[in-house]
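Trainee: Fold the following, please.
(one chain, ligands or ions: 1)
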Amino acid sequence: MGMIEPGIKPANPRFSSGPCAKLPNFSLEMLADAPLGRSHRAAVGKEKLKAAIETTREVLGIPADYKIGIVPASDTGAYEMAMWNLLGERKVEMLAWESFGSGWVTDAVKQLKIDAEVKTADYGQIVDFATVDFNNDVCFTWNGTTSGVRLPSGDVIPADRAGLTLCDATSAAFAMDLPWDKLDVTTFSWQKVLGGEGAHGMLILSPRAVERLESYTPPWPLPKIFRLTKGGKLIDGIFTGATINTPSMLCVEDYLVALDWAKSKGGAAGMIARADANAQAVHDFVAAHDWIENLAEDPATWSNTSVCLKFADARIQNGATFAKAVAKRLEKAGVALDVGAYRDAPAGLRIWCGGTVETSDVEALMPWIEWAFEAEIAAQTVAA
Ligand SMILES: Cc1ncc(COP(=O)(O)O)c(C=O)c1O
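Mentor: Predicted coordinates:
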């Protein structure tokens, strides 16, 4: 049972959690309109950058009075730029429940050395937001990409908070409903849910975040690549397409194509529905098999993008070796690439379910997971 190869393979075996699958039937010819060899400060370049900003606003429903900038160094650049510019004015609560959130904790505690209260939860769990005082600044990751645990909603964040919320939404934007009135800083990168390219980050600022930028100067130096203000005023150009340094116009074109595709799929709502359907296909499979479980304990926190799974079978001798062997077997069979758990996370599989993945491919993959599991159980027995 389960050892016979399933008949159907996913048409696209790309289930990586970043860079993620490009939109269905992607080809480089789709990028033919990229203004290559032209200055990004020429009218044609500026128009493309502005379109990237304004189409992001349109698709994600970002309020007109929020600023949206394209910044260097992907999500990491955008998030650290926010931390370095805004934090230190008041106490900060650093919330982390997996590896990326933990990285931001290190920044606050060891690099910025600010007054920080750190609240963490183990892989599979989430920090209790009811314990958070939103009069402090609060840093968190909406969807923990390496644990598959997400914040179920923004209801726990008060509208009348005195502190700022800094949200790393890199594996949430375009897949989860982001409540803009609860988020003062939101960051993401193109390489995730839209299947775009790395290296460019999106920085979204609420009017209150802008107010902080214009009224507070952090005590530490800021390199040019991080500077958002000049003479106490926001550098507005960054938020209209005059980037701090040179962007890749090829990546910008790729992002514009992905945004157009997302619009054709019903915009944010359509993209959320696609991710939900993909994740449901995994959840249904997990519910039907007792040897595999969602790493996220509370179903309300189950991610619909980076779905993390763990094996639960008494016959498994070495969990980490076993999970790696299953992932390798899936890759060798050409049915799933890059589905091993993140290097710092508990052993298991991580199946990307963002909207660029087709539900038929997720469904086709599931029997292969059973096949690889049974094959590895058998291989263990032979080896013993
Ligand atoms: C939650 C989260 N934050 C930050 C990052 C880093 O993103 P980037 O490599 O685009 O800077 C990732 C990438 O996987 C992520 O998932």
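Trainee: Where does the prediction get shaky in the stretch 51-200 of the chain?
Mentor: Within the stretch 51-200 of the chain, not a single segment meets pLDDT under 70.
Trainee: List, one by one, the residues from it near the ligand.
Mentor: For the stretch 51-200 of the chain, the residues in contact with the ligand (Cβ under 6 Å from any ligand atom) are 74-76, 100, 141, 145, 168, 170-171, 189, 191, 198. For glycine as for every other residue, the C-beta is placed from the backbone atoms N, C-alpha and C.
Trainee: make it 5 Å
Mentor: Proximity of the stretch 51-200 of the chain to the ligand, by Cβ under 5 Å from any ligand atom, involves residues 74-76, 100, 141, 145, 168, 170-171, 189.
Trainee: so can I have TSV of these showing neighbour count, secondary structure and distance to Lys233?
Mentor: Below are those laid out as TSV (neighbours: other Cβ atoms under 10 Å; DSSP: H, G, I helix; E, B strand; the rest coil; distance: Cβ to Cβ, whole Å):
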residue	neighbour count	secondary structure	distance to Lys233
Ser74	22	helix	26
Asp75	28	helix	26
Thr76	19	helix	26
Phe100	22	helix	32
Thr141	31	strand	30
Thr145	29	coil	35
Asp168	28	strand	26
Thr170	28	coil	28
Ser171	31	coil	33
Ser189	28	strand	27
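Trainee: Would you check that Pro158 makes contact with Val132?
Mentor: No. The criterion here is Cβ atoms under 8 Å, and Pro158 misses it with Val132 at 9.7 Å.
Trainee: Give me the most central residue, this protein.
Mentor: Central residue of the chain (Cα atoms, centre = their mean): Ser171, 1.6 Å from the mean position.
Trainee: just checking, it touches Ser189?
Mentor: No. Ser171 is not in contact with Ser189 according to Cβ under 8 Å; the separation is 9.2 Å.
Trainee: Return every residue with contacts to both of the two.
Mentor: Gly18 (Cβ atoms under 8 Å, 6 or more residues apart in numbering).
Trainee: For the longest helix along the chain, enumerate the helices and strands it packs against.
Mentor: Longest helix in the chain, counting residues (DSSP state H): helix 359-383. Helix 359-383 is packed against helix 267-287, helix 319-332, strand 349-352, with contacts defined by 3 or more Cβ pairs under 8 Å, 6 or more residues apart in numbering; DSSP states H and E.
Trainee: so of these, which one's packed in deepest?
Mentor: strand 349-352 (a mean of 26; mean count of other Cβ atoms under 10 Å).
Trainee: Many thanks, I have nothing further to ask.
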